[in-house]
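Trainee: pasting the structure only:
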């Protein structure tokens, strides 16, 4: 099992969710986060005054998938979240040791 | 309480909601459980303890209100702690037997003296004793408690009542503070069963005597509500199979269907009952929290300075002086809520009763269009406690009488995962959010608060919020068009002037746009910014939509407006603002085929901010100006004066006009200056007449007009006019707003944007524009705004048709700062 963590642009959330739904992935955790990679922050100007925006609003998606579905899921996220511009985000993949469904104690991939 | 098998048959009789025998069913269940407890007592305690221990039912069990999975509250009254310690095995066996028989027992072991003393950290114990009942055991010991408890409760009644009120208020806050939650808790939530208990307990304590505590008596009008909740809680327990009191969406559907009703309609019934209970509880809490009843205090309060010819205030509640007038003068009701909105004092229960009594009269009166309705309603919307007044109007039914369409959203449930409240409550919370914004402290909220302060007519914003979700009554998931239609009808009924109506309609129509864009569009994409600026059209609408979205999103649920979302909304506002600022100078009207050439070169903003009637008036002024070189119009509007002037442009002209107005003692609040490509200017000034010169001396209007014409044509020197003006007194240096002068060469393609934020004073605009002109700069465009004592002046300036270089900016900055300080 792998945990997929994707940091994407907020406005791409619906598109990514739809694309994942289309390949049968419904469950995920979504959080509102702030950060930046190479995009860095930028300056906003309001009434002639400059405001440095260091951390940009992003959305983080977290989902755990079976090894067999990993490539498909990562590809789907990357394709649907892509605009081609700096700031599109990143996808990280982690090993998952175990999964437990709290309700009935299912273990492993059957708990996903 | 999981009932023992022999008693399960008692539950099957409770299938339907609500039935007349609900109280009986609860009592029947209670009796069955009493039997179980007595039996266990005889088996385990009686053989060991013939005297020295009494079993009492307390809490819900004491009230004979056992629901299927309620805890069974027991108090084991013991003669002494050492006795309890010695008999611990017998007590344990007694309790274990009850648990084994399926009862969820919640017990405590106390001596009579412990029951008759204050426990600061455990007021619940004292409260539970208000419902105590003898079940089994030592009668003499019980009588000992019976002798001491009333004396204790009577002596401590004030403190206990205060503590109980505090607990109730805390519980309300914890449960979301509103009865109008889409998935309410029928026990702990406001308007739930616990509030019903509070009514009973406070009544008992109020009537407490040293030798007797009365049994709780509910007002008869609350009995249907009580029976409804009894039956409902029973249903919730049975369906969940545990002590669950949350009325979820699914359960609403199931229970409503079972009772042969549609869920939304059935929930309205629920909210109706919850509202009755909540109000009764608040009335009791208010009574308990009142200060002393000294007659002199009451008299002084009666004469308190906020009282007036129509209303008086006693114990922080508002009363009609002559309630009988309401029947013949229904407009008094609206004045009452104006009073509430101004002073932040709620109507007294007696006042609410009078309103309810006259509701048919009020409905009849307000259902006919009233020529003064808007004039009377509007001040309420800008008063400091508008949210309280509107909530109070809603609770008494007056809002529904005054505002057509409002009844449609009363207690209206719209299924939405994110929404916490009914539509009416959501609307009132949104308006409260707007009000709370004024006192905001954290930097991001302050940003929005500052925008709110800059909004011209905040009453229209509140009106738009009142209307924004009225269309949800249609329940088709697309409510905006219906909201606009209902808003239009309501505004026509209220007699809202057409220009204000247009503005409110626009806000209602677009109230979802910012929240939609902030989550679905790339805010760094120029195309998004272009779209936003086109949709908003003007900086004024940008501000209103930003603040309206802030209030609206914050009313979805208490955690909906996260700092992250606030930041996204701010980016939407900022992007739109900057795009509008850029295009203000860059995007000019190049062709105006059906207009005169007069408009050529005006910014696109001009068309967005002026109505057809105003444009026609400007064209007429242009025609008139051709003969004499200048034409102007001065008229009074909404307490201020508006000067519109068309003339041939010349260096320093704006400064001259500003100076002429200042020389007349006028205080400029707003100004806009546009220049067309043919060398004509259109300047508009809104100014106040602080000394009422024009009002008291109508002939002075003509003199001002003549002087403005002479100044515009260069026939009169402004400096000499200003020489004799007295210097205005400014606030102390510490209280004064320190001037901030900023330059921006990115905001516009052709000109340098200069923004000056400074302490406002008469003549400031003249000094600033003179400083710019004397530095050899040309003012292409000007937008002047004043908020309280803060002037926010924006100039688009060029020098020799180019943007200002760094050196020129530095020099001009010095002049402008000096002008602000002079």
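Mentor: Noted; the coordinates are in hand. Given the structure is predicted, the values throughout are model-derived calculations rather than measurements.
Trainee: drop to CA atoms for contacts and neighbour counts, all remaining ones
Mentor: Fine.
Trainee: just to confirm, which helix or strand has residue B:90 in it?
Mentor: helix B:88-100 (DSSP states H and E).
Trainee: list the contacts for the residue in chain B positioned nearest to chain A?
Mentor: Proximity of chain B to chain A (Cα to the nearest Cα) peaks at residue B:520, 3.9 Å away. For residue B:520, the contacting residues are A:10-14, by Cα atoms under 8 Å, 6 or more residues apart in numbering or on different chains.
Trainee: Sitting in helices, which of these do you find?
Mentor: Those of these mapping onto helices are A:13-14, per DSSP state H.
Trainee: Provide the contact partners of stretch A:104-112 at residue level.
Mentor: A:1, A:64-66, A:98-101.
Trainee: thinking again about what came up before, out of the contacts of residue B:520, which touch chain B?
Mentor: A:10-14 (Cα under 8 Å from any Cα of the partner chain).
Trainee: what's downstream of whichever helix in chain A runs longest, the next helix or strand?
Mentor: In chain A, with assignment by DSSP H, the single longest helix is helix A:70-81. Downstream of helix A:70-81, the first helix or strand assigned by DSSP H and E is strand A:89-95.
Trainee: gap between the residue of chain B closest to chain A and residue B:471?
Mentor: 24 Å (Cα to Cα, to the nearest Å).
Trainee: With residue B:722 instead?
Mentor: Note on residue B:722: its distance to residue B:471, by Cα to Cα, is 56 Å.
Trainee: ok, those two, which is more surrounded?
Mentor: Using other Cα atoms under 10 Å in any protein chain shown, the more surrounded residue of residue B:722 and residue B:471 is residue B:471, with 25 against 18.
Trainee: shouldn't that one be in contact with residue B:480?
Mentor: Yes. Counting by Cα atoms under 8 Å, residue B:480 is a contact partner of residue B:471 at 6.1 Å.
Trainee: So, low pLDDT: which residues of the chain?
Mentor: Unless you meant another one, I'm taking chain A. A:38-53 (pLDDT under 70).
Trainee: ah, no, chain B please
Mentor: For chain B, residues meeting the criterion pLDDT under 70 lie at B:1-22, B:50, B:290-305, B:583-596, B:724-736, B:747, B:787-788, B:822.
Trainee: who in it is up against chain A?
Mentor: Counting by Cα under 8 Å from any Cα, the residues of chain B that sit close to chain A are B:518-522, B:564, B:567-568, B:574, B:578, B:742-744, B:753-755.
Trainee: most surrounded residue in these?
Mentor: Result: residue B:753 is most packed of those (other Cα under 10 Å), 29 neighbours.
Trainee: you'd agree that one is in a strand?
Mentor: Yes. Applying DSSP: H, G, I helix; E, B strand; the rest coil, one finds residue B:753 inside a strand.
Trainee: pretty sure it is in contact with residue B:796, am I right?
Mentor: Yes. With contact defined as Cα under 8 Å, residue B:753 counts as touching residue B:796 (4.6 Å).
Trainee: Smallest distance to chain B belongs to which residue of chain A?
Mentor: Proximity of chain A to chain B (Cα to the nearest Cα) peaks at residue A:11, 3.9 Å away.
Trainee: Find the nearest non-adjacent residue to that residue, please.
Mentor: residue B:520 (3.9 Å; Cα to Cα, 6 or more residues apart in numbering or on different chains).
Trainee: got the buried residues for stretch B:249-257?
Mentor: B:249, B:251-256 (16 or more other Cα atoms under 10 Å in any protein chain shown).
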